[in-house]
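> build the 3D model from these lines:
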Amino acid sequence: MMLSGRTCNHAFSTRQMSHQRGALALRSARSEPAQKTASSANNGDAAPSEARTVPSERALAIWRSADAVCFDVDCTITINDGLDLLAEFMGVKEEVEELTNKAMDGTMSLTRSLEERLNLINCSPDDIRRFIKAYPPQSRLAPGIKELIKALQKRGVAVYLISGGFRELLLPIAAHLGIPKDRVFANRMHWQWDDETGMPTKLVGFDTSEPTARNQGKPEAIARIRENNPYNTVVMIGDGITDLEAVQTSGGADLFIGSGVVVEREAVVAEAEWYVYDYKALVSALSRYKVAMVGSGAWACAAVRMIAQNTSQDDPEDEFDDDVRMWVHQGGELVDTINSTHENPAYFPGIPLGPNVIATGNLAEAVADADLLVFCAPHQYIRGICKQLMGKVKPGAAAISLTKGMRVTPEGPELISQIVRRTLGVDCSVLMGGNIAEDVGREQLSEAVIGYYNLEHAQRFKKLFQRPYFRVTLLPDPVGAELCGTLKNIVALGVGMVDGLGMGPNSKAAIIRQGLLEMRDFCQALYPSVRDDTFLECCGVGDLVATCIGGRNRRVAEAWTRSAVEGAEAGEGNGAGRSWAELEKELLQGQKLQGVLTSNEVQQILRTRGWESKYPLFTTINRIVNGHLPPHLVVDYLEGAKADIAVDVEEDIVPLPRQPASAMARLFGQLVGGITQQGGAAAGAAASAAAGAASGAASNSV
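Predicted structure coming up:
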């Protein structure tokens, strides 16, 4: 609103001095009122109106759902009136203030007041440039306004400036605040142009066709904004009567918020549905997304730690609620321990999760009112979890899955994100990458992609996860990203077998290369839209390499292979190798081994579609896992896939019991030509040497 220096510039300087003396104490949602203007003085014995500093439910709902927020500039965004400050700069302050007062008290129209003030100022383009240099935008901003505008912009809210001032004075302020020129509604100065130089030289008036050049101009500007944009909700913020008009006219704003940050006007206080004396009140009233973590294993703990760091940082523009709820399926004592020590000693010992992580054993309580759901539980349990959550998820919530795996049904494969989406009716992105939980917890460099369908949700999740040590990129191939994260566990089993056999990096590199090739072919056979470049992202080759070097599937497969080789070497009657379940319990301490189950799920698809020979590594690894082939055939996977084995057509996707060591030894001998009467001593010696090498490698392992 256009105001006099006595009512705006002087008012704020008076308030600043009052602050400096300590006479003006800030309150929680409101500071003491700014200097009152002459127009706000009490009339007779009438009591001043009480400002509505606590918003009504309606006002708060509109504010939190706003698509666009329009700001007055003079004495709302800035601590002074731009035209009056220019008049002071040009040495005609008092004369211009007198004309401003006439416009304010109604003895002169707004249009005529603007014309006469410009005639008095009589500035040139050079004067405007010198003025802007003397009063840069950052020196004129009202306290807290930049933080408020940034908070709105971070949430995707469109910000507009609507002012009775002039574009020439306002555009530097808009640029400083990151507001595009086409979102600035203000008057334009008219210039006389020099015929010789083609340059503007003299101010000759202003463009009266702009809506802000006349009364009722601000609601007209908002009507234009609505006409050109699909905004459902528009809010106007300002300090003056002309700003209040924006909500009093059809087609204008849905809500007016009065600003007393710089100057308080009694008429505005009386009419405003919501009135603020500190822009922090508006920032704190913005909606914040509540986050829930479904899972409490090592990777869930590493992920919730990053989330908690981001949600708790001291950022006034933060769009996330500080507290993060985490569902712990064991409940009881572990929940109490996490909440008291802020660590998960069962799955993530020695690494603090953060004091704002709140554990609960109640699944429904964990997700109650959550806007963002993070799923990070073993994949075989996700469907059951989602069934428990049906009807309990907040409408409009978004989800992201960190879980790697799939479910096989008679109708075909079903990805985890698809289970979440179909069961709960929410959008579900995926976060995939080469991430060993302990390394992420130690804040070592890691990276991931977010595969997405909804870009807005993906961008929000990126803000939730990205840390200086954890780099996140967006990938519009959620299916490819998720399948990569699922299939790499099978390849990691193969690499673990190579390690268990005591073989070197050449063999491991061959398994990894073939594994990546089969991953790509399998993904694109099921989903032709999957992109080739996805396999070069961190969710593809990056995750594959990390898992094959340090993942749990590689570690357990190595131990299983050593045990199997020792059992085969011992022969019938000398005991069997250890089972996958036994090693999972011992080595993973409660965490789940995903690779074996995933291998069986994938193999069921291959068998059903007659694809086993097209994926020889996947097929051979699965046959080894289920005891149909000895481990050493992992490096001869082409032959392993061709081997004639008896498979029960009704075989479940649950891992089969291992065959007795005697049967494994006989099969081992038959396939390598040893331990039979026809094979002779030489073949037997070869078999013994191979077993001895594996045993030696086991004795040297950590």
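
> okay, CA-based contacts and neighbour counts for the rest of this
OK.

> how deep is Ala134 tucked in, by neighbour count?
If you count neighbours by other CA atoms under 10 Å, Ala134 ends up with 11.

> cool, Gly610 as well?
For Gly610, the neighbour count with other CA under 10 Å is 10.

> quick one, phi psi at it?
phi 70, psi 30 (degrees, to the nearest 10).

> ok, it to Lys642 distance?
Using CA to CA, to the nearest Å, Gly610 is found at 13 Å from Lys642.

> for Gly425, same thing?
44 Å.

> and these two? Which one has more around it.
Gly425 (17 against 13).

> who's in contact with the more buried one?
Residues near Gly425 by CA atoms under 8 Å, 6 or more residues apart in numbering: none.

> could you do Tyr469 as well?
By CA under 8 Å, 6+ apart, the contact set of Tyr469 is 440, 443-446.

> list buried residues within these.
Buried members of the contacts of Tyr469, scored by 16 or more other CA atoms under 10 Å, are 440, 446.

> any chance of the contacts of Tyr469 in CSV with secondary structure and pLDDT as columns?
Formatted as CSV, those follow (DSSP: H, G, I helix; E, B strand; the rest coil; pLDDT from 0 to 100):
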residue, secondary structure, pLDDT
Val440, helix, 96
Glu443, coil, 97
Gln444, coil, 96
Leu445, coil, 95
Ser446, strand, 95
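
> low-confidence regions, the chain specifically.
1-48, 104-106, 213, 215, 314, 316-317, 570-576, 590-591, 647-702 (pLDDT under 70).

> what's the helix or strand for the residue most central in space within it?
For the chain, the residue nearest the mean C-alpha position is Phe461 (1.8 Å; CA atoms, centre = their mean). If you go by DSSP states H and E, Phe461 is part of helix 455-465.

> in the helix or strand hosting Ile222, what counts as buried?
Here Ile222 sits within helix 217-228, counting by DSSP H and E. Across helix 217-228, burial judged by 16+ other CA under 10 Å covers 217-223, 225-226.

> show me where the stretch 1-150 of the chain has strands.
Secondary structure of the stretch 1-150 of the chain (DSSP state E, counting those that start in this stretch): strands at 68-71.

> quick check: the gap between Trp580 and Ala564.
Counting by CA to CA, the gap from Trp580 to Ala564 is 11 Å.

> picking that back up, distance from the chain centre to the very next helix or strand once past the helix holding Ile222, please.
Note on helix 217-228: by DSSP H and E, the next helix or strand toward the C-terminus is strand 234-238. Its chain's average C-alpha position is 28 Å from that of strand 234-238, according to CA atoms, centre = their mean, to the nearest Å.

> what residues sit buried inside strand 234-238?
Within strand 234-238, the residues that count as buried by 16+ other CA under 10 Å are 234-238.

> which other helices and strands contact that strand?
strand 68-71, helix 241-244, strand 255-259 (3 or more CA pairs under 8 Å, 6 or more residues apart in numbering; DSSP states H and E).

> and the angle from it to helix 217-228?
Relative orientation of strand 234-238 versus helix 217-228 (axes from the mean of the first three to the mean of the last three CA atoms, to 10 degrees): 150 degrees.

> what's strand 234-238 in contact with?
Against strand 234-238 from outside (CA under 8 Å, 6+ apart): 1, 62-63, 66-73, 76, 243-244, 246-247, 252-259.

> ditto for stretch 542-556
With CA under 8 Å, 6+ apart, stretch 542-556 has contacts from 432-436, 484-485, 488-489, 491-497, 512, 516, 536, 580, 583-584, 587-588, 593-595.

> check stretch 345-355 too.
Contact with stretch 345-355 is made by 296-298, 301-302, 304-305, 308-309, 334, 338-339, 342-344, 438, 441-442, 589-591, as judged by CA under 8 Å, 6+ apart.

> just the buried ones from those residues, in PyMOL syntax?
To isolate the buried members of these in PyMOL, using 16+ other CA under 10 Å:
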select buried, resi 296+297+298+301+302+304+305+308+309+334+338+339+342+343+344+438+441+591
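
> mind checking which of the contacts of stretch 345-355 land in helices?
298, 301-302, 304-305, 308-309, 334, 338-339, 438, 441 (DSSP state H).

> which one of the helices and strands packed on strand 234-238 lies closest to Lys154?
strand 68-71 (12.6 Å; CA to CA).

> in the stretch 301-450 of the chain, what residue spans correspond to helices?
Along the stretch 301-450 of the chain, the segments classed as helices by DSSP state H, counting those that start in this stretch run 332-341, 363-367, 379-389, 416-424, 437-441.
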